[in-house]
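Participant: structural data only, the sequence is not supplied:
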């Protein structure tokens with residue numbers, strides 16, 4: 001109930017990933033209803049071997065994939081966004097090709113709307129985490145195993161000895177995908193050999209992709225810790241977070257450090273500051289709410305989005321507002337055209353040094369008197385936390 005109340009309190013832009021994730025899960029369930037999957041599972045009425053059985057297995061795999069991808073969308077996983085988009089597009093093409101698009105308009109139109117909205121809002125799915133990689137790898141393995149079991153079962157008479165049960169098909173698929181190859185079951189027809197060849201090639205590919213999705217993030221973090229001996233890790237409280245490696249962020253760090261403030265950087269790759277050997281640097285995506293939680297952003301004094309990329313600064317502010325204890329946010333904007341866009345995410349302070357510098361320079365060159373107090377008030381009104 002608490003999560004539901006929080007969802008209802010979110011702005012439409014923040015609630016959209018949750019709504020899309022739920023919609024994709026519903027589409028998966030509707031796909032099972034359309035094919036009779038749930039009825040056959042509940043009443044143990046599996047169709048006989050033939051075209052209906054193929055459709056039943058296909059529906060099972062599609063339903064499972066859509067539900068898994070929908071769960072990933074709830075957490076704004078980039079992998080889940082990409083795979084859900086492909087799955088919905090493939091399903092729509094299949095419905096159109098078989099002439100079933102209007103047979104179940106609820107399923108077809110829901111899939112079409114979800115696909116179009118996902119395509120339009122791809123920039124909201126930026127998280128790449130170990131959990132998302134594991135979900136992606138698990139989905140690939142399940143789909144590949146389903147393909148191998150179904151194919152070997154349907155081509156059962158073309159093996160020696162014949163495969164006449166799903167258990168035997170599962171055994172043969174596992175042995176083949178693991179490249180063990182006992183040789184107790186072998187294909188003897190051209191079709192069966194081609195099928196087994198495709199399973200082996202797909203198995204090697206999927207295994208490589210699945211392992212990289214799970215292992216690479218762990219290895220990357222380990223290598224980063226080894227390559228950064230000056231990295232200080234400690235419990236953080238009443239600290240200041242700086243997202244981004246820019247000249248402004250480094251100069252801000254020097255000023256804060258001179259005032260004995262605890263500062264933690266969140267950046268995508270390691271870096272050093274001349275004369276500083278005790279930087280507290282966390283490698284991660286500052287737009288990822290899990291990364292912000294890991295650096296105790298909720299107990300920080302402020303989160304400074306000081307990247308050279310205005311769009312990244314906006315996403316950092318949006319991620320900070322999703323914390324259970326929102327932190328004070330400061331964002332910098334470099335392009336005057338992005339001022340209005342940055343205001344829409346409502347940072348507590350919005351700085352535009354390029355705008356301020358250009359105005360001061362123009363006033364000086366045209367002989368206009370610069371009233372420091374008036375100028376500062378105008379600057380805060382224009383580029384600060386005023387109304388959007």
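Facilitator: Perfect, thanks for sending it. Worth saying up front: this structure is predicted, and the values here are computed from it rather than measured.
Participant: can I see the domain layout of the protein?
Facilitator: Using automatic domain parsing, the domain parsing of the chain gives 11-128, 135-227, 240-383.
Participant: how about the ones you listed in a markdown table, adding mean neighbour count and mean pLDDT?
Facilitator: (Each C-beta comes from the backbone N, C-alpha and C, glycine too.) A markdown table is the format used below for the domains of the chain (neighbours: other Cβ atoms under 10 Å; pLDDT from 0 to 100):
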| stretch | mean neighbour count | mean pLDDT |
| --- | --- | --- |
| domain 11-128 | 17 | 73 |
| domain 135-227 | 16 | 79 |
| domain 240-383 | 17 | 82 |
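Participant: how far away is the residue nearest the centre of the chain from residue 25?
Facilitator: Nearest to the mean C-alpha position of the chain, counting by Cα atoms, centre = their mean, stands residue 77 at 1.9 Å. Distance, residue 77 to residue 25, by Cβ to Cβ, to the nearest Å: 14 Å.
Participant: what does residue 281 give?
Facilitator: 38 Å.
Participant: separation between residue 98 and residue 114?
Facilitator: Note on residue 98: its distance to residue 114, by Cβ to Cβ, is 20 Å.
Participant: ok, now which ones touch the residue nearest to residue 335 when sequence neighbours are not counted?
Facilitator: Distance criterion Cβ to Cβ, 6 or more residues apart in numbering; nearest residue to residue 335, sequence neighbours excluded, is residue 310 at 5.8 Å. Going by Cβ atoms under 8 Å, 6 or more residues apart in numbering, residue 310 touches 333-335, 338, 341-342.
Participant: can I get the residues you listed in a markdown table including distance to residue 264 and secondary structure?
Facilitator: Output for these, formatted as a markdown table (distance: Cβ to Cβ, whole Å; DSSP: H, G, I helix; E, B strand; the rest coil):
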| residue | distance to residue 264 | secondary structure |
| --- | --- | --- |
| 333 | 23 | coil |
| 334 | 23 | coil |
| 335 | 27 | coil |
| 338 | 26 | helix |
| 341 | 27 | helix |
| 342 | 23 | helix |
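Participant: can you list the neighbours in contact with stretch 241-260?
Facilitator: Under Cβ under 8 Å, 6+ apart, the answer for stretch 241-260 is 240, 263-269, 271, 273, 276, 279, 286, 292, 295, 297, 300, 302-309, 312-313, 316, 327, 332, 353.
Participant: at 7 Å instead, please
Facilitator: By Cβ atoms under 7 Å, 6 or more residues apart in numbering, the surrounding residues in contact with stretch 241-260 are 240, 263-267, 271, 273, 286, 295, 297, 300, 303-308, 312, 316, 332.
Participant: now, which of those lie within helices?
Facilitator: Counting by DSSP state H, the part of the contacts of stretch 241-260 found in helices is 312, 316.
Participant: can you give me the helices in the stretch 1-150 of the chain?
Facilitator: Ranges of helices in the stretch 1-150 of the chain, per DSSP state H, counting those that start in this stretch, are 2-9, 12-35, 37-42, 51-74, 78-97, 105-120, 130-154.
Participant: using JSON lines, lay out the ones you listed together with distance to residue 246.
Facilitator: Output for these, formatted as JSON lines (distance: least, Cβ to Cβ, whole Å):
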{"stretch": "helix 2-9", "distance to residue 246": "33"}
{"stretch": "helix 12-35", "distance to residue 246": "26"}
{"stretch": "helix 37-42", "distance to residue 246": "53"}
{"stretch": "helix 51-74", "distance to residue 246": "32"}
{"stretch": "helix 78-97", "distance to residue 246": "24"}
{"stretch": "helix 105-120", "distance to residue 246": "30"}
{"stretch": "helix 130-154", "distance to residue 246": "28"}
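Participant: looking at those helices, which is closest to residue 369?
Facilitator: helix 12-35 (42.8 Å; Cβ to Cβ).
Participant: distance from the closest one to the middle of the chain?
Facilitator: Distance of helix 12-35 from the chain centroid (Cα atoms, centre = their mean, to the nearest Å) equals 16 Å.
Participant: what is that helix packed up against?
Facilitator: Here helix 12-35 touches helix 51-74, helix 105-120, going by 3 or more Cβ pairs under 7 Å, 6 or more residues apart in numbering; DSSP states H and E.
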